[in-house]
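[1] Return a 3D structure for these sequence lines:
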Amino acid sequence: MATRKIPLETIRNIGIIAHIDAGKTTTSERILFYTGKTYKVGEVHDGTAVMDWMVQEQERGITITAAATTCIWKDININLIDTPGHVDFTIEVERSLKVLDGAVVVFCGVGGVEPQSETVWRQADRYGVPRIAFVNKMDRVGSNYFEVIDQMYKRLGANVATIQLPFGKEADFNGIIDLVDMKLTHHKDDLGKDLEVKDIPEDLIAEAQKYRQILIEKLAEVDDKMMDDFLHSREISNQELKDAIRRMVIVNKFVPVLCGSAFKNKGIQLVLDAVRDYLPSPMDLPPVKGTNPKTEEFEEIEASDDAPFCAFCFKVATDPYVGKINYVRVYSGTLNSGTYIFNASKRERERVTKIVKMHANRQEIVESISTGEIAAAVGLKETKTGDTLCNENNQILLESMRFPEPVIQQSVEPKSKDAQERLGMALHKLEEEDPSFRVTYNQETGQTLIAGMGQLHLEIIVDRILREFNVEAQVGTPQVAYRETLTKAVKSVGKFISQSGGRGQYGHCVIEMEPQETPGTGITFEDKIKSGSIPREYIPAVKQGIFGAAKSGVLAGYPVTDIKVTLIDGSFHEVDSSELAFQMAGSLAFNDGLRRAGPVLLEPIMDMEVIVPEEFMGQVIGDLSSRRGKIVSLAQRLNLRTIRANVPLAEVFNYATSLRSLTQGRASYTMEPSFYSEVPSHIGEKIIAGFSVAGPTRRSF
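    The predicted model follows:
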């Protein structure tokens, strides 16, 4: 076994997550600079950011794909992933959080807790990721540190307390008071490299002690040792306070808040110190659980090089020189290049031809990777996002990932016959890379449909088809990805009998269909056959027929969702029954039941936040109401008003143009898919009629 180069306790696998434009990539670039990974500071606004390496990212000044890198700070090794903030690329945050041990959540000192901040916080909650909060842009006019902390407590329900105080306000912000060590760190130069640590000025000691006491009280609420010290009025040393923060961060009961200005190079070294002091190494976390495919029982995976190899593939990318690369996080054991491993999800053997450490889009070849490390493997043919890799003799299956459903679709066709094959190959590669991007073929219209999380998502996909794969395509106007469901419970019978000389076909099943109790559950299938009326070997075929039929509904051919299907009865013929016959019977039963169960169309509803000057608020609210929007809340943010509303996606295509004209270009908005809701009947009738008459219109790229 290869000798371990990096001690496990020194590894920190962290992600930078936040709302769009909070300063994630700028923070990441400063981390690379201060850790010596880059020799000069990269900037997002002039396209020199190392982590935003895609052409599309540099042109738009946004992060599209999660970029990974490795750097060293003092005695720790940081595997860093910079994630996108735009909701269209939320899958990048999802898959990063799946494999990370900790996160730095960046908040804007002016904007505070914004809609996407809430989304990434919920994602981190779902994966149980310990985190620290960094309030950025403290140099900006209107920044309010304590208002942001209050919003974190109220909107996110987080147990938060500051471990730092800003020294100076807005343009005069020039230092940070540390409440753990009770020292002031002063920045002496513009690059932020020359730091001076000194005592807190006399006039600020009382305020610092007040907030240190609040910090101790917040920790005492969740930590027994701190509670005991607090109740007995014992003096708490700086080290004891630091240890308590670390203990509670690791178990996800406390979030320390730091401040700074990434763009002005202030506070980043202290964020790195907090990553070192408070976020966990792979050894500090509970063992990851997996399922043994043979016994189907849960097993714990020990974070040790001596344990059998186990890793998780969380991302697939296409490299122009080496082809497909799979990003993997190693949970146990060691992976050496040139060896065979087993894909437990696909039940396939795979050979790793090369292992590379990634630095954004640059690669460093390594011979092996060990427990806790994140790297990329080259040569895997069948492995996709969400697959578990392990030893064939010690098989284990980790929980896969949940991919969001697309909410928007459009047609795409090659401009020439020669480009047909290249387009198909490009779409296949893009679908492999991005699980939130789907490609389907509409049999009725003969069109290829691409579906994604928003207009920007599909715009980037089309741009990549043109530039990376050199395929010129005609693209249809964006269409809403509607869904169909039922409104009442029904019992349905499916019978497939075919007699055409020789052996016939016979399949018969009885199912019950009802709406799901929880929206967003999708289609579930339950088998309640008890008397053996359908042999066990045919039940998977019935399920397959039902799920196949659910891909296309009875109203307008949209996928069907949120239905619970229960197989209750059926019959078979000893000679004529077959898997195909029962698959057809399941499909017939499902379609028949759907027709009789009051089918309705569902449409995606967007959670939208509009930030608008006071004088334009009336026009914006009126416009949202005309778009079938429901106002959820109104709030004040400095001299601006924020409007939170739920609006159907169909009503807000190209909303940016309308909002600009309504507000003289002074308003901004963000939105993300929230839930599906029933389409009003008069609109539903038009959609159904339009579907049966014509396909989507086209535009050229």
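[2] count of neighbours near residue 272?
    Here the number of neighbours of residue 272 (other C-beta atoms under 10 Å) works out to 21. Using the backbone N, CA and C atoms, a C-beta is placed for each residue, glycine as well.
[3] how about it, secondary structure?
    helix (DSSP: H, G, I helix; E, B strand; the rest coil).
[4] Would you confirm that residue 538 contacts residue 507?
    Yes. Under the criterion of C-beta atoms under 8 Å, residue 538 makes contact with residue 507 at 7.4 Å.
[5] any residues in contact with both of these two?
    Here residue 538 and residue 507 have 572, 577, 582 as joint contacts, going by C-beta atoms under 8 Å, 6 or more residues apart in numbering.
[6] correct me, but the last one touches residue 509?
    Yes. Here residue 582 reaches residue 509: they are 6.6 Å apart, a contact under C-beta under 8 Å.
[7] Now do the shared contacts for these two.
    When contacts are counted by C-beta under 8 Å, 6+ apart, residue 582 and residue 509 have 534, 542, 570 as shared neighbours.
[8] Wait, a strand at the last one?
    Yes. With three-state DSSP as the criterion, residue 570 is assigned to a strand.
[9] That one reaches residue 510, doesn't it?
    Yes. Proximity of residue 570 to residue 510 meets the contact threshold set by C-beta under 8 Å, at 5.7 Å.
[10] tell me the contacts of residue 167?
    173, 174, 175, 176, 177, 184, 186, 204.
[11] now swap in residue 588 and tell me
    For residue 588, the contacting residues are 494, 495, 496, 545, by C-beta under 8 Å, 6+ apart.
[12] which intervals of the protein have sub-threshold pLDDT?
    Applying pLDDT under 70 to the chain flags the ranges 1-4, 38-66, 85-88, 192, 360-361, 442-446, 500-502, 638, 690-701.
[13] just checking, what's the longest strand in it?
    Ranked by residue count, the top strand of the chain under DSSP state E comes out as strand 600-613.
[14] And the helices in the stretch 101-250 of the chain?
    Using DSSP state H, counting those that start in this stretch, the helices of the stretch 101-250 of the chain run over 115-126, 145-156, 202-220, 224-231, 238-250.
[15] which helices and strands sit right next to the longest one?
    Right, the one you point to is helix 202-220. Here helix 202-220 touches strand 160-162, strand 164-167, helix 224-231, helix 238-250, going by 3 or more C-beta pairs under 8 Å, 6 or more residues apart in numbering; DSSP states H and E.
[16] what's the angle from the helix or strand following the last one to helix 115-126?
    The reference is to helix 238-250. Following helix 238-250 in sequence order, the next helix or strand is strand 255-259 (DSSP states H and E). Interaxial angle of strand 255-259 relative to helix 115-126 (axes from the mean of the first three to the mean of the last three C-alpha atoms, to 10 degrees): 140 degrees.
[17] Run through who's touching strand 255-259.
    105, 109, 131-135, 138, 145, 149, 152, 158-166, 176, 245, 249, 267, 270-271, 274, 278.
[18] swap in stretch 214-227?
    159-163, 179, 229-231, 236, 241, 244-245, 247-248, 253-254.
[19] ok, now stretch 510-525?
    Everything outside stretch 510-525 that qualifies as a contact, by C-beta under 8 Å, 6+ apart, is 485-494, 542-543, 546-547, 550, 560-570, 586, 589-590, 593-594, 597, 675-676.
[20] any idea which of the helices and strands packed on helix 202-220 is most buried?
    Stretch with highest mean neighbour count among the helices and strands packed on helix 202-220: strand 164-167 (a mean of 23; mean count of other C-beta atoms under 10 Å).
[21] Show me the strands paired with that strand, marking each as parallel or antiparallel.
    According to DSSP bridges, strand 164-167 forms sheet pairs with strand 175-178 (antiparallel).
[22] which parts of the strand it pairs with are buried?
    Judged by neighbour count using 16 or more other C-beta atoms under 10 Å, the buried positions of strand 175-178 are 175, 176, 177, 178.
[23] And those residues, which is closest to residue 76?
    The nearest member of those to residue 76, counting by C-beta to C-beta, is residue 178 at 18.7 Å.
[24] Name the nearest residue to the closest one, sequence neighbours excluded.
    In this structure, residue 178 finds its nearest non-sequential neighbour in residue 164, 5.9 Å apart by C-beta to C-beta, 6 or more residues apart in numbering.
[25] and that neighbour, what does it touch?
    Residue 164 is in contact with 176, 177, 178, 179, 257, 258, 259, 267, 270, counting by C-beta under 8 Å, 6+ apart.
[26] Over to residue 68?
    With contact set as C-beta under 8 Å, 6+ apart, residue 68 has these partners: 79, 80, 81, 327, 358, 360, 374.
[27] go again using 6 Å as the cut-off
    Contacts for residue 68 (C-beta atoms under 6 Å, 6 or more residues apart in numbering) come out as 81, 358.
[28] what's the answer for the one 10 residues further on, then?
    By C-beta under 6 Å, 6+ apart, the residues touching residue 78 are 12, 71.
[29] Please confirm that it is located within a helix.
    No. Counting by three-state DSSP, residue 78 is not part of a helix but strand.
[30] need the helices and strands packed on helix 202-220 in CSV with distance to residue 631, can you?
    What follows is the helices and strands packed on helix 202-220, written out as CSV (distance: least, C-beta to C-beta, whole Å):
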stretch, distance to residue 631
strand 160-162, 29
strand 164-167, 35
helix 224-231, 43
helix 238-250, 37
